[in-house]
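[1] sequence and predicted structure below; questions after.
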Amino acid sequence: MPSASFRFGADGAHEVKVQCGYFGSEKYLVNGVTVLSLWSLRPSGVREFSAHGHRIQIRMSVTLKKARAEALVDGRIVSDDLFAEFNSMVAQRMGVVPWLVKVAVWFGIALAVFSGLKLWEKRPNPTIERTASSVLRTPPANAHVQR
């Protein structure tokens with residue numbers, strides 16, 4: 001769950017914390033108090049609220065590879081990349097393939113190889129000469145006897 005924070009006001013007296021949860025939940029806290037809480041399936045957009053006499057605006061843009069958010073207080077950019085730490089963590093993890101995925105890929109390859117060998121084994125042998133009597137395979141005369 002990515003979260004970020006920035007400070008604003010005189011000498012950075014106030015802290016805004018942004019918490020983005022799974023499945024679209026978002027929380028915006030000022031000095032630990034929730035000022036805006038919403039649930040949206042739209043990961044990008046602009047969130048606005050007021051706190052301590054200041055107008056705060058957070059512009060978010062989320063993709064599968066990166067979350068970008070910039071914070072503006074009274075129209076001035078305070079932070080241009082709120083989720084820089086989260087993005088670096090995601091970039092590090094994207095290079096590492098989980099062991100379960102590796103096992104599944106190797107299992108699929110082994111299954112394909114063994115299936116191919118089984119099909120190869122079942123194909124007719126071209127070195128055996130076929131004759132007319134071996135192709136017709138007439139049943140023996142007493143095979144149709146009913147009891």
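    Good, I have the coordinates.
[2] what's next to the host helix or strand of Leu29, contact-wise?
    Element membership of Leu29 [criterion: DSSP states H and E] is strand 25-30. Outside strand 25-30, the residues that touch it by C-beta atoms under 8 Å, 6 or more residues apart in numbering are 14-21, 34-40, 47, 49, 51-52, 56, 58. From N, CA and C alone the C-beta is placed, and that goes for glycine too.
[3] now which of those would you call buried?
    His14, Val16, Val18, Gln19, Cys20, Leu36, Arg47, Ala51, Ile56, Ile58 (16 or more other C-beta atoms under 10 Å).
[4] need those residues in a markdown table (columns: distance to Trp99, pLDDT and secondary structure).
    As requested, the buried ones among the contacts of strand 25-30 are exported to a markdown table (distance: C-beta to C-beta, whole Å; pLDDT from 0 to 100; DSSP: H, G, I helix; E, B strand; the rest coil):
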| residue | distance to Trp99 | pLDDT | secondary structure |
| --- | --- | --- | --- |
| His14 | 45 | 91 | strand |
| Val16 | 39 | 91 | strand |
| Val18 | 33 | 88 | strand |
| Gln19 | 30 | 86 | strand |
| Cys20 | 28 | 81 | strand |
| Leu36 | 40 | 89 | strand |
| Arg47 | 38 | 90 | strand |
| Ala51 | 45 | 89 | strand |
| Ile56 | 43 | 92 | strand |
| Ile58 | 37 | 90 | strand |
